[in-house]
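Undergrad: Build me a structure from this.
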Amino acid sequence: MMTNRFKVQRHRLLLATRAVHKNKTLKSPEAYLVIAARKGLRVNESATSPSQRSTLHLLSQERVLMNKDVILGVSQSLGRNALRDDGLVGALACGCQQMFAPYFGKSLSIQQCMVLQGMDPSAYDLNIVSETEIFRLVGNAMCVPAVGIMMAAGMQLLRAEIRFG
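TA: Numbering: from 1, shown residues only. Okay, the predicted model is just below:
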């Protein structure tokens, strides 16, 4: 049997739930594109396709994108989207020109992607290859420190095999 106090609590909860469902501002957060436009960011110059803008809009409904540490790959599908908000960058895919920093409202440049991969942009002549090809090359490259760690581990295994062979 329900006590009178329990009925009152249930009734209050039901009224509060109905109020939330009726109030559209409580249902969903403000869209990223609206926030970006208010800040004066020109997002449409970086997120050029409707699918990229839709991805940004949908992600803004789930996560806070207006954080300086957020970087995401808008060229990937929503399920595979590499959204990081911990200050780290997810794997750069072949189309790394679509690595987007929502707080700043722009995509990462070639030089920024190269630095993320551990390369020195000033050591390369970037004028002999098209911008798209450079982004593909950088996206397909492996991060220099990661290669060094893997090579050191491989050398350790070879030394152990030779010693205990």
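
Undergrad: OK, contacts around residue 116?
TA: 89, 92, 108, 143 (C-beta atoms under 8 Å, 6 or more residues apart in numbering). Yep, even glycine has a C-beta here, placed from its N, CA and C like the rest.

Undergrad: quick one: it from residue 40, how far?
TA: According to C-beta to C-beta, to the nearest Å, residue 116 and residue 40 sit 26 Å apart.

Undergrad: and what of residue 12?
TA: 44 Å.

Undergrad: more crowded one of those two?
TA: With neighbours defined as other C-beta atoms under 10 Å, residue 12 and residue 40 compare such that residue 12 has more, 10 against 7.

Undergrad: now the helices for the protein?
TA: 4-22, 24-27, 32-39, 43-46, 50-62, 110-116, 131-140, 144-164 (DSSP state H).

Undergrad: what would those look like in CSV with mean pLDDT and distance to residue 71?
TA: What follows is these, written out as CSV (pLDDT from 0 to 100; distance: least, C-beta to C-beta, whole Å):
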stretch, mean pLDDT, distance to residue 71
helix 4-22, 76, 33
helix 24-27, 58, 28
helix 32-39, 84, 14
helix 43-46, 77, 12
helix 50-62, 77, 12
helix 110-116, 85, 9
helix 131-140, 84, 14
helix 144-164, 86, 18
